[in-house]
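In: generate a structure from the sequence data that follows.
(one chain, ligands or ions: 3)
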Amino acid sequence: MALHPQAGRPHGHHRDGSEPQAEATAQDAGRPDVCPIPGLGSQAARRPRRSVGTTSSPRVPRPGALMPATRSRTRFIHCRGQPPRTHVNSKRPKRSRIRRCHTRVSGWTHEKPMGSSVEEGLRPELSRLDQDADLLEEETARPPMTSLEGLFLEGDKQPNPGQGPFFYIGGTNGASIISSYCESKGWQRTQDSHCEDYKLKWCEIKCRDNYCSFREGQQLLFQLPNNKLLTTKIGLLSALREHGRTLSKARLLPSTQAKVLKMDEFFPETYRLDIRDERQAFFTLFDETQIWICKPTASNQGKGIFLIRSHEEVAALQAKTQSIEDDPIYRKMPFRAPQARVVQRYIQNPLLLDGKKFDVRSYLLIACAMPYMVFFGHGYARLTLSLYDPHSSDLSGHLTNQFMQKKSPLYMVLKESTVWSMEHLNRYINDKFRKTKGLPRDWVFTTFTKRMQQIMAHCFLAVKSKLECKLGYFDLIGCDFLIDENFKVWLLEMNSNPALHTNCEVLKEVIPGVVMETLDLALETCQKSLHSQKMLPLLSQRRFVLLYNGETTDLWPRMGGSRPFARLPPPPPPRPTCEFASSALSSPRATTDRTGARKLVHSRDACTCSFRKSRLPDSSGGFRAESEPSLCSGSPESSRDTAGEPSLGPSEEEREEEQRSASHRGS
Ligand SMILES: Nc1ncnc2c1ncn2[C@@H]1O[C@H](COP(=O)(O)OP(=O)(O)OP(=O)(O)O)[C@@H](O)[C@H]1O
Ligand SMILES: [Mg+2]
Ligand SMILES: [Mg+2]
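Out: Ligands and ions are numbered 1, 2, ... in the order given. Below you'll find the predicted structure:
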């Protein structure tokens, strides 16, 4: 068997996300390359949590001034100690004036640090009490927040043409929606990708400079710098394995009896081909009764994917991987080697919709990284054009990606049938399977939704301590689920920069809402964090469901003995919250959170230094990310980096590769 033509081609990491778009509108063109000041308002400028370790460009507000050609480029500085303050950041952050009174109530036996807890061991009802009590407590302590406009437009009430506030969109994925959203707020689009005085930057491609020059607390930046921990095949696999090990150790403790998700219950059996022992294990276990699917770790749109069904195909794969490993050129320059791959057990019995295979795209939104505010969002179902035949060698019946379907000449005529809304899917399953399979009514919006949320929360927790977080980073991650004919739910993968195109009616319905609520939630949570305000209730929360509220959990274990306290419960907040916000809602709120937040900030800040990772060939000819010690390594989870796990920041090669492939992203 010859490998798929893509297989031998070097791939950069991070070909994530979306499809080629032509969404940027004419109105976006021809904007001046001006880039004077703004931030998130005067408060934002005054109250940074900390500055970033960069040299900052001059931030003088010269109305209408063109960006100088010899603008000061941000140089990447590996920060170790306290980073230098930019002049905007020169003031000491003010402490919150909110007086928080702490009244310890005995009997809170669940007070244990999140990091060591078993995830489902968290108790929603307890945290609800605590949150609600906080609502009561703070109502009189701070002015009520009446509207989002008041919150978001602070300091930007009279936008002047050419003076910002500015936003920058890199690429075309969702550009027209993002652009309309920002313009409706009175912000102005800049075409200068190096503009450092932006309020919002939404780029398809992660670029190191963006993270170096990022001004925490003053700006919003789309994508967490090391989201590849979730959004590459190997990243996700490694994270889930490691998390599984951590949880199984925790389960051995008598105090943690809670039921936890097991990886093999939702993630198809997967092996890394870049690790010799793993691929040997696969080659040994393979038999022709099973089908396997081979995928490059960081591609999308089904690129480079092929199925493995016979011993001949396995032998070809074996020979190919061996030749790569033995190749002296790749030994010398491992970054030139073809992209690492995984093989995954192929789900041969997918649930079919009118005979066609489908998968479901849902969203994991990290609206705020400091503290974490993480949400679930519904997306849509993606169907193949042709009927499913497990024995067919035509990949377009096996791969449900829109990109694969678009290759068919029938696509233009039948494209509307390839994307179903969740309501459509729900109706179909009610009609066709509810009785025959004994499903609950509205299985899609009950059992299935709950399961997706549970899986997403699990994945998030798996990487939570390793993600690089700053106030203002946010991320929207596309999660692909497959349902088999037994109604078992499988997570196939997670995608950075998910496709936001709107070329079908259903997508026109779904995508703008997803993007706008993402932006709303990112803004609201960022502002609230900045102003030391309580996160809940979230005024801009509409369809997204809260999965994880770090405000209530992440900070309090770091309080060094100052524990949170229970108060009387007022009515619960009306916004949707998932019951797996377990962690979210289960742990008491850190009432002295600002101090804790700073501790957390510094701890996480150290993670930034782990950008400094080098990619070395590992014993199996793949890549090994060599971590330098950082404060993060103090945490049990982060101290055990799995061999070969993707490095935290993109290497130069990756970045170049990302740039080259920018127009071929996602599906
Ligand atoms: N284990 C599996 N069993 C059955 N089908 C699978 C499996 N893995 C992937 N597929 C099918 O192949 C398609 C592509 O796989 P996957 O999403 O992992 O690759 P990708 O290249 O990252 O695609 P994209 O990012 O565009 O969704 C899936 O949408 C699904 O239809
Ligand atoms: Mg993908
Ligand atoms: Mg996919």
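In: average pLDDT across stretch 354-373?
Out: The pLDDT scores in stretch 354-373 average 97.
In: for that stretch, buried residues please.
Out: Within stretch 354-373, the residues that count as buried by 16 or more other Cβ atoms under 10 Å are 356-373. (Each C-beta comes from the backbone N, C-alpha and C, glycine too.)
In: direction included, what does the longest strand seen in the chain pair up with?
Out: Using DSSP state E to define each element, the chain has its longest strand at strand 356-369. Paired with strand 356-369 in the same sheet, following DSSP bridges, are strand 352-353 (antiparallel), strand 372-383 (antiparallel), strand 473-483 (antiparallel).
In: so the first one, near ligand 1 or not?
Out: Put plainly, it is strand 352-353. No. Using Cβ under 6 Å from any ligand atom, strand 352-353 stays clear of ligand 1, with a minimum separation of 12.1 Å.
In: give me the residues contacting that strand.
Out: Residues outside strand 352-353 that contact it (Cβ atoms under 8 Å, 6 or more residues apart in numbering): 358, 381, 383, 388, 420, 425, 428, 485.
In: in contact with residue 459, which residues?
Out: Contact analysis of residue 459 by Cβ under 8 Å, 6+ apart lists 230, 236, 239-240, 364, 479, 491, 494.
In: so which of those residues comes closest to ligand 2?
Out: Ranked by distance to ligand 2 (Cβ to the ion), those are led by residue 494 at 7.7 Å.
In: so the closest one, which of the three states?
Out: strand (DSSP: H, G, I helix; E, B strand; the rest coil).
In: what of residue 548?
Out: Under three-state DSSP, residue 548 falls in the strand class.
In: leaving out sequence neighbours, find the closest residue to the residue of the chain found nearest ligand 3.
Out: Per Cβ to the ion, the residue of the chain with the smallest distance to ligand 3 is residue 480, at 3.7 Å. Closest residue to residue 480 apart from its sequence neighbours, by Cβ to Cβ, 6 or more residues apart in numbering: residue 492 at 4.4 Å.
In: ok so, going back, of the contacts of residue 459, list those near ligand 2.
Out: Under the cut-off given by Cβ under 5 Å from the ion, ligand 2 has nothing from these close to it.
In: quick check on these: which are buried?
Out: Applying 16+ other Cβ under 10 Å to those, the neighbour count classes 230, 236, 239-240, 364, 479, 491, 494 as buried.
In: make CSV from these and add distance to ligand 1 to it.
Out: Converted to CSV, the buried ones among the contacts of residue 459 look like this (distance: Cβ to the nearest ligand atom, whole Å):
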residue, distance to ligand 1
230, 13
236, 10
239, 16
240, 14
364, 14
479, 10
491, 10
494, 9
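In: and the residue nearest to residue 367 when sequence neighbours are not counted, how far from residue 283?
Out: Once flanking residues are discounted, residue 367 sits nearest to residue 521: 3.9 Å by Cβ to Cβ, 6+ apart. Distance, residue 521 to residue 283, using Cβ to Cβ, to the nearest Å: 46 Å.
In: which of those two has more neighbours?
Out: residue 521 (25 against 17; other Cβ atoms under 10 Å).
In: and this protein, which residues reach ligand 1?
Out: Going by Cβ under 6 Å from any ligand atom, the residues of the chain near ligand 1 are 268, 293, 295, 299-303, 305, 344, 346-347, 359, 399-401, 403, 480, 482, 492-493, 495, 666-667.
In: so which of those residues are in strands?
Out: Reading strands off these with DSSP E, I get 293, 295, 344, 359, 480, 482, 492-493, 495.
In: residue 442: how many residues sit nearby?
Out: Residues near residue 442, counting by other Cβ under 10 Å, number 16.
In: one more: the one 5 residues further on?
Out: Using other Cβ under 10 Å, residue 447 is surrounded by 14 other residues.
In: next: residue 278.
Out: Neighbour count of residue 278, defined by other Cβ under 10 Å: 19.
In: could you pull out the buried residues of the helix or strand containing it?
Out: Using DSSP states H and E, the element containing residue 278 is helix 276-285. Using 16+ other Cβ under 10 Å as the test for burial, helix 276-285 gives 276, 278-279, 282-283.
In: and the residues you listed, which is closest to residue 224?
Out: Closest approach between the buried residues of helix 276-285 and residue 224, by Cβ to Cβ: residue 278, at 27.2 Å.
In: contact partners for the closest one?
Out: 271-272.
In: give me every residue that touches the closest residue to ligand 1 within the stretch 351-500 of the chain.
Out: In the stretch 351-500 of the chain, the residue that lies nearest ligand 1 is residue 400 (3.5 Å; Cβ to the nearest ligand atom). Counting by Cβ under 8 Å, 6+ apart, residue 400 touches 357-359, 382-384.
In: which non-adjacent residue is nearest residue 390?
Out: residue 348 (5.2 Å).
In: wait, doesn't the one you found sit right on residue 291?
Out: Yes. Using Cβ atoms under 8 Å, residue 348 is in contact with residue 291, at 5.7 Å.
In: what is the neighbour count of residue 481?
Out: 22.
In: just grab the bridge partners of the closest residue in space to it that isn't next to it in sequence for me.
Out: With Cβ to Cβ, 6+ apart as the criterion, residue 481 has its nearest non-adjacent residue at 4.6 Å, and that residue is residue 360. Taking DSSP bridges as the rule, residue 360 bridges to residue 381, residue 481.
In: and residue 360, how far from residue 381?
Out: Taking Cβ to Cβ, one finds residue 360 at 5 Å from residue 381.
In: give me the common contacts of those two.
Out: 422, 425.
In: residue contacts, the residue nearest to residue 481?
Out: For residue 360, the contact set (Cβ under 8 Å, 6+ apart) comprises 379-382, 422, 425, 452, 480-483.
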